[in-house]
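>>> this one's structure only:
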Ligand SMILES: C=C(OP(=O)(O)O)C(=O)O
Ligand SMILES: [Mg+2]
């Protein structure tokens with residue numbers, strides 16, 4: 001994928017032309033924002049939320065004011081946009097890693113607006129009738145969302161971490177992806193590559209025999225996947241419910257198609273991204289929640305209350321001046337500062353579940369200690385919600401003192417994406433830190449064992465809903481660590497189901513022990529692989 005930045009010429013315009021150019025810039029901004037929203041509507045689910053956030057970025061009033069100022073100083077519309085975005089980009093890039101992670105999204109918006117003003121094709125995924133592997137420096141959410149899975153056999157990026165938006169969306173689509181691979185874009189167009197999204201390997205120009213072998217292995221795997229169905233269980237019948245992560249009603253068809261036994265993580269942020277100034281109405285919330293609850297009449301649906309802040313900022317809730325948003329007011333902290341938002345969300349959930357037989361559960365993101373857990377439990381009880389209430393374990397303090405959290409709440413759910421970020425002090429949006437975000441890191445496995453063990457001791461459940469659950473081999477290890485359910489992007493479910501079906505609970509426990517005895521993520525994986533050979 002071409003990443004060329006379209007630099008418009010620096011021709012000067014007269015003062016008389018300025019209003020016309022300003023109108024052109026405004027029209028282009030609006031058209032691009034509308035296009036992003038349309039792409040979002042088409043893609044649905046988590047992609048929609050991301051694209052709508054990008055549309056908001058395009059319409060940022062300060063940015064538009066800067067564009068207008070530059071045009072009134074004699075620049076053309078395209079040059080004004082180009083320079084205003086460049087200035088904003090510098091600010092973002094310098095504002096710390098969390099904002100720097102959004103630079104790719106910003107660049108994509110800029111390229112789209114400039115391309116429209118210049119009347120040239122939009123940058124992005126190349127047109128092709130032939131199936132291909134897409135190589136890119138990074139993929140903007142707008143591109144990932146519309147990749148055609150029948151043409152794109154996989155994608156490989158230099159940037160982005162294993163828990164970045166692009167990786168999460170790729171899993172939701174079921175497209176093989178390898179991210180954070182240095183020098184990926186140095187490969188020439190047309191070279192034959194093989195991509196293994198499970199191991200993260202990209203083979204360049206494999207021999208004819210190797211290609212044949214890989215095709216055979218892939219066909220065998222597909223056949224095994226097609227044959228796997230029913231609830232998640234080990235070969236000796238230990239049940240591990242396999243649940244889907246969804247970002248909204250748009251993700252339900254895939255969850256049902258892949259046999260999800262329920263929803264283990266309903267990210268409700270998407271509802272809140274439509275309007276940066278206020279929370280969605282209770283009625284609008286009820287409607288969206290009910291669609292998800294109705295899809296699983298006999299299953300379980302775990303709804304996470306709003307997780308605003310850090311990588312999911314909301315203008316009306318997230319302080320704009322935090323020096324380090326990932327360590328600032330986010331998740332449950334935001335809701336405790338804005339109790340009316342939490343109350344309205346819990347009320348909407350209670351109304352949405354009225355008359356339904358689904359097992360509704362609600363959980364809070366970013367619970368740090370027992371006081372946090374208690375505050376959430378009290379809010380749930382006060383809302384009169386007929387649902388189990390739980391805490392996400394995403395902060396090391398919560399994993400270490402899981403037993404104390406369980407004095408207040410009825411279940412735990414491990415958010416391994418943030419748990420890795422906070423355990424290793426490694427921003428999940430920074431590709432160069434991917435080594436530290438690897439969920440195979442033994443320190444992360446120790447924390448998972450701590451939380452799962454505490455839950456087991458009191459007979460409560462402790463699932464995993466972070467991306468770790470979607471790795472088939474790791475899913476077996478998590479089961480061995482005592483985790484009671486696994487929730488993942490729907491496309492991963494058949495792979496995890498197939499892997500679990502091949503191993504016994506005792507083998508899972510042995511693999512977990514071997515992985516924890518290792519000293520690096522790679523060693524932990526190899527040790528587990530040895531115990532569970534065949535997966
Ligand atoms: C599931 C998680 O939540 P999110 O990815 O939405 O932060 C996590 O942190 O692992
Ligand atoms: Mg999280």
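Structure received. Computed from a prediction, not measured in an experiment: that's the story for all the values here. Ligands and ions are numbered 1, 2, ... in the order given.
>>> Contacts for the helix or strand encompassing residue 114 next, please.
In this assignment (DSSP states H and E), residue 114 forms part of helix 103-118. With Cβ atoms under 8 Å, 6 or more residues apart in numbering as the contact definition, helix 103-118 has outside contacts at 5-6, 8, 24-25, 28-29, 31-32, 35-36, 53-54, 57-58, 77-78, 81-82, 85-86, 88-89, 92-93, 121-123, 138, 140-143, 159. All C-beta spots, glycine's among them, are computed from the backbone N, C-alpha and C.
>>> helices or strands up against the following helix or strand past that helix?
Of the helices and strands lying after helix 103-118 in sequence (DSSP H and E), the nearest is strand 132-136. If you count contacts as 3 or more Cβ pairs under 8 Å, 6 or more residues apart in numbering; DSSP states H and E, strand 132-136 packs onto strand 152-157.
>>> The strand it packs on pairs with which strands?
strand 132-136 (parallel), strand 176-178 (parallel) (DSSP bridges).
>>> Need the residues that contact the last one.
Just to be clear, that refers to strand 176-178. With Cβ under 8 Å, 6+ apart, strand 176-178 has contacts from 153-157, 166-167, 170-171, 184, 195-197, 200-202.
>>> need the strands for the stretch 201-350 of the chain, in chain order.
201-204, 242-246, 262-267, 300-304 (DSSP state E, counting those that start in this stretch).
>>> Partner strands of the last one, with direction?
So the one you mean is strand 300-304. Strand 300-304 is paired, per DSSP bridges, with strand 262-267 (parallel), strand 359-364 (parallel).
>>> residues in contact with the first one?
Think strand 262-267. Contacts with strand 262-267, where a contact means Cβ under 8 Å, 6+ apart, come from 46, 49, 241, 243-247, 255, 289, 292, 295-296, 299-304, 307, 359, 413, 463, 465, 469, 485-488.
>>> Is it possible to get CSV of the strands of the stretch 201-350 of the chain that adds distance to residue 385, mean pLDDT and mean neighbour count?
Formatted as CSV, those follow (distance: least, Cβ to Cβ, whole Å; pLDDT from 0 to 100; neighbours: other Cβ atoms under 10 Å):
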stretch, distance to residue 385, mean pLDDT, mean neighbour count
strand 201-204, 46, 93, 13
strand 242-246, 20, 97, 29
strand 262-267, 15, 97, 26
strand 300-304, 10, 98, 24
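>>> which stretches of the stretch 251-400 of the chain have low pLDDT?
276 (pLDDT under 70).
>>> what does the stretch 351-500 of the chain put close to ligand 1?
Residues of the stretch 351-500 of the chain lying near ligand 1 by Cβ under 6 Å from any ligand atom: 394, 415-418, 465-466.
>>> got it, and the stretch 151-300 of the chain?
So far as Cβ under 6 Å from any ligand atom goes, the stretch 151-300 of the chain lies against ligand 1 at 265, 267.
>>> Which stretches in the stretch 151-300 of the chain count as helices?
165-173, 208-227, 252-257, 269-272, 282-294 (DSSP state H, counting those that start in this stretch).
>>> Work out which residue lies at the spatial centre of this structure.
residue 168 (3.8 Å; Cα atoms, centre = their mean).
>>> Is my assumption valid that residue 51 occupies a position in a helix?
Yes. Judged by DSSP: H, G, I helix; E, B strand; the rest coil, residue 51 forms part of a helix.
>>> Nearest spatial neighbour of it, chain-adjacent residues omitted?
residue 40 (3.5 Å; Cβ to Cβ, 6 or more residues apart in numbering).
>>> Okay, angle between the helix or strand where the one you found lies and helix 103-118 too, please.
Element membership for residue 40, per DSSP H and E: helix 18-43. Here helix 18-43 points in a direction 120 degrees away from that of helix 103-118 (axes from the mean of the first three to the mean of the last three Cα atoms, to 10 degrees).
>>> what mean pLDDT would you report for helix 18-43?
Averaging pLDDT along helix 18-43 gives 90.
>>> next one: stretch 47-66
88.
>>> What is the end-to-end distance of that stretch?
Using Cα to Cα, to the nearest Å, one end of stretch 47-66 lies 29 Å from the other.
>>> Stretch 303-312 too?
17 Å.
>>> Excluding covalently adjacent residues, which one is nearest to residue 88?
Per Cβ to Cβ, 6+ apart, closest to residue 88 is residue 63, 5.8 Å.
>>> just the angle between the host helix or strand of that neighbour and helix 18-43, please?
Per DSSP H and E: residue 63 is located in helix 61-72. Here the directions of helix 61-72 and helix 18-43 differ by 140 degrees (the same axes, to 10 degrees).
>>> Could you name the helices and strands sitting against helix 61-72?
Going by 3+ Cβ pairs under 8 Å, 6+ apart, helix 61-72 lies up against helix 18-43, helix 77-94.
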